[in-house]
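Quick one: sequence plus predicted model below, questions after.
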Amino acid sequence: MITLKSRHEIELMRQAGKITAAARALAGAMVAPGVTTREIDRAVYRYIKSQGAEPSFLNYQGYPASVCISVNDEVIHGIPGSRVLREGDIVSVDVGAYKDGYHGDCAATYPCGQICAEAQRLIEVTRQSFFEGLRYAREGYRLPDLSGAIQRYVESNGFSVVRDYVGHGIGTEMHEAPEIPNYVDPRMGRPRFLRGMTIAVEPMVNAGTHRVRVMKDGWTVKTADGKLSAHYENSILITDGEPELLTDPDARAE
């Protein structure tokens, strides 16, 4: 069931979103050759805790870390560990924070040092596809309007949209109704966006096929053809006008 948030709930989600966005920025600033993914995870854990919040992902359905860090052909849910980032990698960071009963959720893909032109274009198209969809995240539009805008933009740039994983509603639970696909599927229905809805829109874009596979760890998702993937996400509030980004892309850890 889709829940509409009250003014009080929205304010709590703004606070959770602010912490989450700052944690994403902290992780992104740490992406550099020679850094391990575990170092990034530990720094984000410490930051979220310092803000009086909890990492949403830690122990969520058994996930063993505070951040999902996915490198190169890893699409989502990469588990931080001893992997050392190298020049030319692209690194997707997905973060959630839980405070006073509400979650924030956001992600972005960052270059590690100098990257090739095609990898940079993939990152930019993925990010812009989110903002193409955002234009329809407002009262009066329906879910396929947003999903279709993302899909059209991605595919017009020669990339593909992952279909096995989608965005979602967000609030007291990390994943709430409705599902927010980044492509149009007749089975998805046509729910209308209403004031007070809070959703997480997260295009996952592959350089090659949209198909993916799950690794033996049960979490890490990779592209089926080994080509690069990028990810971009923000939590959004539907208002009676412009949508509000609850996870501000310009936030920085204090």
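That came through, no problem.

mean confidence for the helix or strand where V75 lies?
Counting by DSSP states H and E, the element that carries V75 is strand 74-76. Averaged over strand 74-76, pLDDT sits at 98.

where are the low-confidence patches of the stretch 101-250 of the chain?
Counting by pLDDT under 70, the stretch 101-250 of the chain contains no low-confidence residues.

let's go with 90 and repeat that
Across the stretch 101-250 of the chain, the ranges flagged by pLDDT under 90 are 185-190, 240, 249-250.

tell me the helices in it, going along the chain?
For the stretch 101-250 of the chain, helices defined by DSSP state H, counting those that start in this stretch occupy the ranges 117-134, 143-156.

can you tell which of those is closest to S235?
Nearest of these to S235, taken as C-beta to C-beta: helix 117-134 at 11.6 Å. For glycine as for every other residue, the C-beta is placed from the backbone atoms N, C-alpha and C.

Any idea how many residues pack against I69?
When counting by other C-beta atoms under 10 Å, one arrives at 28 neighbours for I69.

do the same with E155
Neighbours of E155 using other C-beta under 10 Å come to 15.

Is it in contact with N182, as I believe?
No - E155 is not in contact with N182 according to C-beta atoms under 8 Å; the separation is 10.7 Å.

So for the two, which residues contact both of them?
Common contacts of E155 and N182 (C-beta atoms under 8 Å, 6 or more residues apart in numbering): V161.

from the helices of the stretch 101-250 of the chain, which stretch is densest packed?
Of all these, helix 143-156 has the most neighbours on average by mean count of other C-beta atoms under 10 Å, namely a mean of 21.

Next, the angle helix 117-134 makes with that one.
Helix 143-156 and helix 117-134 are oriented at 160 degrees to each other (axes from the mean of the first three to the mean of the last three C-alpha atoms, to 10 degrees).

Can you name every helix or strand that helix 143-156 contacts?
helix 117-134, strand 160-161, strand 176-180 (3 or more C-beta pairs under 8 Å, 6 or more residues apart in numbering; DSSP states H and E).

Using PDB, write out every CA atom in the longest one.
Backbone C-alpha positions of helix 117-134 (Å, rounded to 0.1, in the frame of the first residue of the first chain) are rendered in PDB as follows:
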ATOM      1  CA  ALA A 117      35.700   8.900 -22.200                       C
ATOM      2  CA  GLU A 118      33.100   6.200 -22.600                       C
ATOM      3  CA  ALA A 119      33.000   5.500 -18.800                       C
ATOM      4  CA  GLN A 120      32.600   9.200 -18.200                       C
ATOM      5  CA  ARG A 121      29.800   9.400 -20.600                       C
ATOM      6  CA  LEU A 122      28.100   6.400 -19.000                       C
ATOM      7  CA  ILE A 123      28.200   8.100 -15.600                       C
ATOM      8  CA  GLU A 124      26.900  11.400 -17.000                       C
ATOM      9  CA  VAL A 125      24.000   9.700 -18.900                       C
ATOM     10  CA  THR A 126      23.000   7.700 -15.900                       C
ATOM     11  CA  ARG A 127      22.900  10.800 -13.700                       C
ATOM     12  CA  GLN A 128      21.000  12.800 -16.300                       C
ATOM     13  CA  SER A 129      18.500  10.000 -16.800                       C
ATOM     14  CA  PHE A 130      17.500  10.500 -13.200                       C
ATOM     15  CA  PHE A 131      16.800  14.200 -13.800                       C
ATOM     16  CA  GLU A 132      14.900  13.400 -17.000                       C
ATOM     17  CA  GLY A 133      12.600  11.200 -14.900                       C
ATOM     18  CA  LEU A 134      12.400  13.800 -12.100                       C
END
